[in-house]
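Peer 1: sequence and computational prediction follow.
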Amino acid sequence: MAARTSRHGAAPGARGGSRRRRLPLRLLLPVLVLVALMAMLMLRGYVHSEILADFRVQPPAATDKVPQKILEGGPVIDTRAGRTESMSVPDHHLVLTFDDGPDPTWTPKVLDVLKKHDAHAVFFVTGTMASRYPDLVKRMVDEGHEIGLHTFNHPDLSYQSQTRIDWELSQNQLALTGAAGIRTSLFRPPYSSFADAMDNKSWPVTEYIGSRGYLTVVNNTDSEDWKKPGVEEIIRRATPHGGKGAIVLMHDSGGDRHQTVRALDRFLPDLQDRGYEFDNLSEALDMPSAHSSVTGADLWKAKAWVFLVQASEKVTDALVVGLAVIGTLVIGRFGLMLLLSFVHARKVRRKRFSWGPPVTEPVSVLVPAYNEAKCIENTVRSLMAGDHPIEVIVIDDGSTDGTARIVEAMGLPGVRVIRQLNAGKPAALNRGLANARYDIVVMMDGDTVFEPATVRELVQPFGDPKVGAVAGNAKVGNRDSLIGAWQHIEYVMGFNLDRRMYDMLGCMPTIPGAVGAFRRSALEPIGGMSDDTLAEDTDVTMALHRAGWKVVYAENARAWTEAPETVQQLWSQRYRWSYGTMQAIWKHRRAVIDKGPSGRFGRVGLPFVSLFMVVAPLLAPLIDIFLLYGIIFGPTEKTIGAWLGVLALQAVCAAYAFRLDRERMTHLISLPLQQILYRQLMYVVLLQSWITALTGGRLRWQKLRRTGVVEAPGGIPAQNRRTRASDDRRPVA
């Protein structure tokens, strides 16, 4: 598609070349968004124990290095300030302890039962759960319960270094402070049991924990509720004998705890009737509260942590929903494309299929050209080799490279050159329309070549008087490079397969600028080609739909166009396309509430275009983000399998599209890499377009670098062009 400059401003020049180049905001912001999304996923993996988690459990070891009074003592172990002491809960006092929470389902039920029976307990929370459910931690504190640490990720500390132990404690405290504004001096090691289970591996950890100012709390009565033995059995195991005091181990997280809740509702009143008191630990031992308030910078740091965790949860949930949406859209779109493309191919390839009476009258071919000196001769010669009567009008839009002189020097009959000051492609096409002799007008780009049958095939659908415009089959001519091959896949699969689907749905969104045909009698009532958007081809196609005209696809009207050969050129082109499409959608938005043909297009065509050309590509990088996350943090096999499944579906669609277009399958070798890299490119381009639209920015045109190497198969080769063009070829950026 030939680029223009004056109306939209010149591309940034090289003035001030010595100035340091800065990364533009339009590039920086998409990168920052991707980095932020990855950071949110990493944080989510961290608080869900998917990152840095250690699930090893130490087997029993010898006990000869553990003081005998600890092995034979109570469940509260004090190794602070060099002490080696243990304590027990007084008779007729029970300290209920709940590990591994808070859990959003079961912790509130446990708290409700405790409140119902006016009982207190100690909750040993993990940092991961406290970070995710801070409101439950705050409720525990507000209702008079005591909080203890249970590490952040729940590892067996006997395997960990002192640095890792400090990190587990500090992160656990950070989560607790952020949730309830307090610190605690109580600690329970994961996988702990009774005091007599202390061994040579766990005792050094207990000593170190005490040196950090913590009181270690194990238990001496285990309800074993995690085994789900039944309500009666939980009550039996949790009940101490002979009126003795006890620290009872229960769980409010880690699975289905309905038996624990039911047992608790019976256990509490039964033992209260027998004279037991249910206290938190400091109450039972008549010692100062384990809680201390946190203020100042430490409090705000902790609150910021909890805020970020909550944000990561919400962002991740949104990403998962987005991934489900994009997965459904991708699968649904592919299925619809395959079905409707098959129907379209069967329809137009029937032996007796006809659009109507054969179209044999001459047509006008408009070739807008701006600085197309390297391509224009190929373009014009390909037209003159055609088998349908035509007149050719080359509209030179203020070229500075002698484009018009080249055409005039060819001296071909039926070829006219119209010169105008640089005014943009829509103005050039309208100038050509005003000078065209015939009602059917073919439009093409100055860097495109036609096959001999292209014009004839392109105009045959006008045998149907309801057809106002026809989209041709645009193909990539310079597919010998990797980036050219990728665009070839995109054109065959993404554009032409789409057009078959849109043809059957009656909502073709775009007549490609490289190869399209119009009734002049259809264009004139809508004002011709509009310069309201940067995608004048999409704009005019939508306007024709709204005016009640049919827009169809002619698969045999093949045109060979020169695609961008560097990432920068591809970026510029797709940025303009996506931004122009967004402009066209916005311009025709009222079609959604219109009646008649305009309303039908607005309620079918606009949602399809918006969904598949604007929204879906913006969400597509989620596939690769979750792929990377799943490979690193698991489940690796399922993640790779799901991604390969999506890729296989894309490969099936691509292979079918290539078969329909009679293309060689060898180019599909690069499909996996094309899918990964193109998603990121289209994401950045679309995000950049959104930024431009939302900020009211003005998109500047950039002239794509042309080489003039594209020729139609079987066409007449350009004279003396190949050597000149080859000097300008550049490798893929």
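Peer 2: Done, it's in. Residues are numbered from 1 along each chain as shown.
Peer 1: did I read that right, residue 471 in a helix?
Peer 2: No: looking at residue 471 with DSSP: H, G, I helix; E, B strand; the rest coil, it is strand, so not inside a helix.
Peer 1: contact partners for it?
Peer 2: 499, 508, 510, 511, 512, 515, 516, 551, 552, 553, 554 (Cβ atoms under 8 Å, 6 or more residues apart in numbering). Yep, even glycine has a C-beta here, placed from its N, CA and C like the rest.
Peer 1: dihedrals phi and psi, the last one?
Peer 2: Summarising the backbone geometry of residue 554 under the convention degrees, to the nearest 10, its torsions are phi -110, psi 100.
Peer 1: residue nearest the centroid of the chain?
Peer 2: Central residue of the chain (Cα atoms, centre = their mean): residue 622, 2.7 Å from the mean position.
Peer 1: give me every residue that touches that residue.
Peer 2: Counting by Cβ under 8 Å, 6+ apart, residue 622 makes contact with 319, 322, 323, 326.
Peer 1: the same query, at a cut-off of 10 Å, please.
Peer 2: By Cβ atoms under 10 Å, 6 or more residues apart in numbering, residue 622 lies in contact with 37, 318-327, 679, 683.
Peer 1: selection in ChimeraX covering whichever of those residues are buried, please.
Peer 2: Applying 16 or more other Cβ atoms under 10 Å to the contacts of residue 622, the buried members can be selected in ChimeraX as follows:
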select :37,319,322,323,326,327,679,683
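Peer 1: identify, from the contacts of residue 622, the entry nearest to residue 387.
Peer 2: Comparing the contacts of residue 622 against residue 387 with Cβ to Cβ picks out residue 679 as the nearest, at 41.2 Å.
Peer 1: so that closest one touches residue 617, yeah?
Peer 2: Yes: counting by Cβ atoms under 10 Å, residue 617 is a contact partner of residue 679 at 7.4 Å.
Peer 1: returning to that earlier point: contact partners for the nearest residue to the residue nearest to the centre of the chain once chain neighbours are set aside?
Peer 2: What sits nearest to residue 622 in space, not counting adjacent residues and going by Cβ to Cβ, 6 or more residues apart in numbering, is residue 323, at 4.7 Å. Going by Cβ under 10 Å, 6+ apart, residue 323 touches 619, 620, 622, 623, 625, 626, 642.
Peer 1: could you dump these to TSV with distance to residue 230 and pLDDT?
Peer 2: Output for the contacts of residue 323, formatted as TSV (distance: Cβ to Cβ, whole Å; pLDDT from 0 to 100):
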residue	distance to residue 230	pLDDT
619	48	72
620	51	69
622	45	73
623	46	74
625	45	76
626	41	77
642	40	79
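Peer 1: distance to residue 225 added to those, as a markdown table?
Peer 2: Below are these laid out as a markdown table (distance: Cβ to Cβ, whole Å):
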| residue | distance to residue 225 |
| --- | --- |
| 619 | 43 |
| 620 | 46 |
| 622 | 39 |
| 623 | 41 |
| 625 | 39 |
| 626 | 36 |
| 642 | 36 |
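Peer 1: quick one: buried ones out of these?
Peer 2: Among those, the ones that count as buried by 16+ other Cβ under 10 Å are 619, 620, 622, 623, 625, 626, 642.
Peer 1: reformat the contacts of residue 622 as JSON lines; add pLDDT.
Peer 2: Listed next are the contacts of residue 622 as JSON lines, based on pLDDT from 0 to 100:
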{"residue": "37", "pLDDT": "80"}
{"residue": "318", "pLDDT": "83"}
{"residue": "319", "pLDDT": "78"}
{"residue": "320", "pLDDT": "79"}
{"residue": "321", "pLDDT": "82"}
{"residue": "322", "pLDDT": "76"}
{"residue": "323", "pLDDT": "76"}
{"residue": "324", "pLDDT": "80"}
{"residue": "325", "pLDDT": "79"}
{"residue": "326", "pLDDT": "74"}
{"residue": "327", "pLDDT": "76"}
{"residue": "679", "pLDDT": "70"}
{"residue": "683", "pLDDT": "72"}
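Peer 1: save the contacts of residue 622 as a markdown table, and put in distance to residue 110 and secondary structure too.
Peer 2: Conversion of the contacts of residue 622 to a markdown table gives the following (distance: Cβ to Cβ, whole Å; DSSP: H, G, I helix; E, B strand; the rest coil):
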| residue | distance to residue 110 | secondary structure |
| --- | --- | --- |
| 37 | 36 | helix |
| 318 | 30 | helix |
| 319 | 32 | helix |
| 320 | 28 | helix |
| 321 | 30 | helix |
| 322 | 35 | helix |
| 323 | 34 | helix |
| 324 | 33 | helix |
| 325 | 36 | helix |
| 326 | 39 | helix |
| 327 | 37 | helix |
| 679 | 46 | helix |
| 683 | 45 | helix |
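Peer 1: sorry, back to before: and the contacts of residue 323, which is closest to residue 568?
Peer 2: Nearest member of the contacts of residue 323 to residue 568, counting by Cβ to Cβ, is residue 620, at 21.3 Å.
Peer 1: ok so, going back, among the contacts of residue 471, which are located in strands?
Peer 2: In strands, defined here by DSSP state E, the members of the contacts of residue 471 are 516, 551, 552, 553, 554.
Peer 1: most neighbours out of these, which is it?
Peer 2: Tallying neighbours with other Cβ atoms under 10 Å puts residue 551 at the head of the ones in strands among the contacts of residue 471, with 29 neighbours.
Peer 1: not counting residues beside it along the chain, what's closest to that one?
Peer 2: Of all residues not flanking residue 551 in the chain, residue 508 sits nearest, at 4.1 Å (Cβ to Cβ, 6+ apart).
Peer 1: pretty sure that neighbour is touching residue 552, no?
Peer 2: Yes: counting by Cβ under 10 Å, residue 508 does reach residue 552; the two are 7.1 Å apart.
Peer 1: low pLDDT regions in the stretch 101-250 of the chain?
Peer 2: The model of the stretch 101-250 of the chain has no residue with pLDDT under 70.
Peer 1: just the strands from it, written as ranges.
Peer 2: Here the stretch 101-250 of the chain has its strands, by DSSP state E, counting those that start in this stretch, at 121-125, 146-149, 182-184, 186-187, 215-217, 221-222, 246-251.
Peer 1: which other helices and strands does the fourth one contact?
Peer 2: Strand 186-187 is packed against strand 121-125, strand 146-149, helix 162-180, helix 203-211, strand 215-217, with contacts defined by 3 or more Cβ pairs under 10 Å, 6 or more residues apart in numbering; DSSP states H and E.
Peer 1: partners of the shortest one in the sheet?
Peer 2: Translated: strand 215-217. Here strand 215-217 has these sheet partners by DSSP bridges: strand 76-78 (antiparallel), strand 186-187 (parallel).
Peer 1: as a markdown table, those with distance to residue 441 and mean neighbour count would be great.
Peer 2: Shown next, in a markdown table, are these (distance: least, Cβ to Cβ, whole Å; neighbours: other Cβ atoms under 10 Å):
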| stretch | distance to residue 441 | mean neighbour count |
| --- | --- | --- |
| strand 76-78 | 91 | 23 |
| strand 186-187 | 82 | 24 |
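Peer 1: do you know which of the helices and strands packed on strand 186-187 lies nearest residue 337?
Peer 2: helix 162-180 (48.2 Å).
Peer 1: can you give me the strands in the stretch 501-650 of the chain?
Peer 2: Going by DSSP E, counting those that start in this stretch, the stretch 501-650 of the chain shows strands at 516-519, 550-561.
Peer 1: please apply the same query to the stretch 251-400 of the chain.
Peer 2: For the stretch 251-400 of the chain, applying DSSP E, counting those that start in this stretch gives strands covering 277-278, 291-293, 363-369, 390-397.
Peer 1: residue 559: which of those is closest?
Peer 2: Closest to residue 559 of the strands of the stretch 251-400 of the chain, according to Cβ to Cβ: strand 363-369, at 11.4 Å.
Peer 1: now the angle from that closest one to strand 390-397?
Peer 2: 20 degrees (axes from the mean of the first three to the mean of the last three Cα atoms, to 10 degrees).
Peer 1: quick one: mean pLDDT over strand 363-369.
Peer 2: For strand 363-369, mean pLDDT is 95.
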